[in-house]
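Asks: When you get a sec, could you give me coordinates for this:
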Amino acid sequence: MNNEDGIIIKDESQIECKYALTKHVQERYAERIMSNEDLNYNLFIANHAEKIKVDINKMIHYGTCIYSGMESKDGRNSLDIYLNGAWILIVNEKEKRVITLYKVDLGAGEEFNKTYIDKMRTLIEEKKNEEEQYKLEYERTKNDYAEILERNNNSIIEHRKIIKALECENEHINALIENGNTLAKEKMYEIRTLVNRLMGVKG
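Replies: Numbers count the residues shown, from 1 in each chain. I've put the predicted structure just below:
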């Protein structure tokens with residue numbers, strides 16, 4: 001059901017209050033949800049700390065997580081953003097802590113706010129579906145590329161074996177060439193020795 005603040009709570013049963021609240025969240029609760037200009041916020045928070053914690057945890061429990069990921073492109077602060085009625089709640093899931101909450105109010109009345117929120121939710125869902133499709137396509141493409149990489153790596157290993165064998169063969173051939181050249185030089189020396197002996201050259 002929706003209460004007068006536009007908060008969706010399906011029932012009033014107890015839920016696990018797993019999220020801690022920052023002082024900022026408690027103040028925003030008192031300031032915005034209680035909507036009493038004469039309210040002593042600090043006194044209200046002191047007297048109703050447990051109720052505030054239960055109410056905000058219910059807002060998250062019965063809300064919809066519209067975003068889960070990094071706060072910015074540089075990868076700082078992983079956040080979950082919940083939408084409950086016209087209310088946005090920002091949660092640090094890792095630390096189990098509610099960072100802030102506020103009501104979407106464009107200043108043109110509740111009906112305009114609702115129309116705007118519904119339109120934005122539709123757009124967000126469309127983008128989520130697109131993201132899921134890209135993820136699936138990425139996984140398929142990654143798997144295809146992984147198979148190609150495996151084939152290429154196996155081929156590289158086999159070619160390296162062939163290259164190694166050819167290098168060894170070349171070393172052997174070079175050794176034979178060098179040995180043949182040495183034998184030729186030895187025969188040339190023997191011929192020179194005989195010619196010198198014929199000519200009567202000593203030494």
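Asks: So what's the gap between the longest helix along the chain and the chain middle?
Replies: Longest helix of the chain, by residue count under DSSP state H: helix 110-198. Relative to its chain's centre, helix 110-198 lies at 28 Å (CA atoms, centre = their mean, to the nearest Å).
Asks: Mind giving me the packing neighbours of that helix?
Replies: Secondary-structure packing of helix 110-198 (3 or more CB pairs under 8 Å, 6 or more residues apart in numbering; DSSP states H and E): strand 64-70. For the C-beta atoms, the positions are set from N, CA and C on the backbone; glycine is no exception.
Asks: ok, now which ones touch the closest residue to residue 95 other than its chain neighbours?
Replies: Once flanking residues are discounted, residue 95 sits nearest to residue 20: 7.9 Å by CB to CB, 6 or more residues apart in numbering. Taking CB atoms under 8 Å, 6 or more residues apart in numbering, we find residue 20 in contact with 53, 95, 96, 97, 98.
Asks: Number of residues surrounding the first one?
Replies: Meaning residue 53. Residue 53 has 18 neighbouring residues, counting by other CB atoms under 10 Å.
Asks: and the gap between the residue nearest to residue 95 and residue 62?
Replies: Distance, residue 20 to residue 62, using CB to CB, to the nearest Å: 19 Å.
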